[in-house]
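Chemist: Build the 3D model from these lines:
(one chain, ligands or ions: 2)
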Amino acid sequence: MKTALRLLAVASALVSSWPAAQAQQPGSIERGKYLMESVVACGNCHMQRGPQGEPLPDKGLSGGMVFEEAPFRAVAANITPDLETGIGKWTDAQLAKAIREGIRPDKTLIGPPMPIEFYRNISDDDLAAIIAWLRAQPPVRNAVEKSRYNMPLPPNYGPPVKSVKAPKPTDKLRYGTYLANIGHCMECHTPRDGKGRLILAKLGVGGQVIPGPWGHSVSRNLTPHPTGLKSWTDEQIAHSIRTGMDRDGRPYKPPMAFAFYKNISDADMAALITYLRSLKPQAVGGGKS
Ligand code: HEC
Ligand code: HEC
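Modeler: Ligands and ions are numbered 1, 2, ... in the order given. Purely as a prediction, here's the structure:
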């Protein structure tokens, strides 16, 4: 727990606060920076980490974080523009296909836990913005180990994604759903069946046990049920997502990306909360961690 707390503290110091009024043209690098430093948070998995699992900010998204689960030992890739060990030789179109469809230029499939099923929803503009930001980062040389999957990967994550448009931010519910997808909230906050597949009928009900250097954490029920967020105010929900502390001030364990989510703009946070309030209220078997 101590280590986990320190990790959180270090991580929070890494991401500078985002000026709320910053202009964000669709597809622009500013938009990419905002998304990467807030709700999308690829760095939560792709930052290089030190021996205690602490993020190393000057190493950028050069990868190496290991995800050990029964069916795999996955290692986050180096996604800095390094020519030899990163994605420096990939074209924008190849990067787009990798992020949204999980297919590398050599046609192999990117495995879990990268949440490709959710990234299929990233809009064309936001994908372009993320790629522009990735390209602008300094290349960092870091050869990471290959992932090992002791399970068959699916043949693909679905048909090719042709074109995706984001809903209008004024349509709070649809835009909040969009943000929750590109932030893959439900990847952790939905229970899984015996085969590790998300039980979509229980969307947002939590109860997933997530192991890591912190021991384990249990994702919470985000539905408007009494065992979920029913009695929480919008302010309490926003505060918990931004600070990584519950409404009584108790710190959460990793791996939720609180250090990034603290930069989520007020409008985007309101949309996310509108989405959470729209989930079907249900109780989960699992308790709180
Ligand atoms: C939950 C953790 C996680 C998140 C979040 C995540 N990734 Fe990954 N990513 C991984 C892992 C693990 C791999 C390696 C998988 C493998 O070896 O098949 C990977 C692989 C990749 C690759 C393939 C690189 C290569 O050289 O093969 C790219 C590109 C990539 N991620 C980009 C991104 C971007 C961009 C985001 C945010 C939009 C993101 N990832 C979010 C865990 C994550
Ligand atoms: C990588 C997994 C993961 C992702 C992604 C994730 N969460 Fe979480 N979240 C957790 C875990 C685990 C906890 C509980 C931590 C604990 O109990 O120490 C939590 C706690 C919360 C809480 C506190 C609720 C309570 O009852 O105390 C809220 C609210 C929340 N998450 C919302 C979100 C939203 C919104 C997103 C997407 C923007 C998100 N989470 C993405 C794993 C995740």
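Chemist: Residue numbers of this protein in contact with ligand 1?
Modeler: With C-beta under 6 Å from any ligand atom as the criterion, the chain meets ligand 1 at residues 40, 42, 44-46, 67, 74, 76-77, 79, 87, 98-99, 104, 110-111, 113-115, 119, 130, 147. Yep, even glycine has a C-beta here, placed from its N, CA and C like the rest.
Chemist: Flag every residue of the chain that's near ligand 2.
Modeler: Going by C-beta under 6 Å from any ligand atom, the residues of the chain near ligand 2 are 39, 180, 183-185, 187-189, 210, 217-220, 222, 237, 240-241, 246, 252-253, 255-256, 261, 272, 288-289.
Chemist: Give me the subset of the residues you listed lying in strands.
Modeler: In this view, the residues of the chain next to ligand 2 that belong to strands under DSSP state E are 210, 217-218.
Chemist: returning to that earlier point: list buried members of the residues of the chain next to ligand 2 by neighbour count.
Modeler: 39, 180, 183-185, 187-189, 210, 217-220, 222, 237, 240-241, 252-253, 255-256, 261, 272 (16 or more other C-beta atoms under 10 Å).
Chemist: tell me how far the ends of stretch 101-110 are from each other?
Modeler: One end of stretch 101-110 to the other measures 9 Å (C-alpha to C-alpha, to the nearest Å).
Chemist: list the buried ones in that stretch?
Modeler: 101-104, 109-110.
Chemist: Tell me if I am right that residue 159 is in a strand.
Modeler: No. The assignment for residue 159, made by DSSP: H, G, I helix; E, B strand; the rest coil, is coil rather than a strand.
Chemist: Can you report how many residues neighbour it?
Modeler: Per other C-beta atoms under 10 Å, the neighbour tally for residue 159 reads 8.
Chemist: can you give me the strands for the stretch 101-250 of the chain?
Modeler: Here the stretch 101-250 of the chain has its strands, by DSSP state E, counting those that start in this stretch, at 148-149, 209-212, 215-218.
Chemist: In JSON lines: the ones you listed, plus distance to residue 94.
Modeler: JSON lines is the format used below for these (distance: least, C-beta to C-beta, whole Å):
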{"stretch": "strand 148-149", "distance to residue 94": "22"}
{"stretch": "strand 209-212", "distance to residue 94": "31"}
{"stretch": "strand 215-218", "distance to residue 94": "35"}
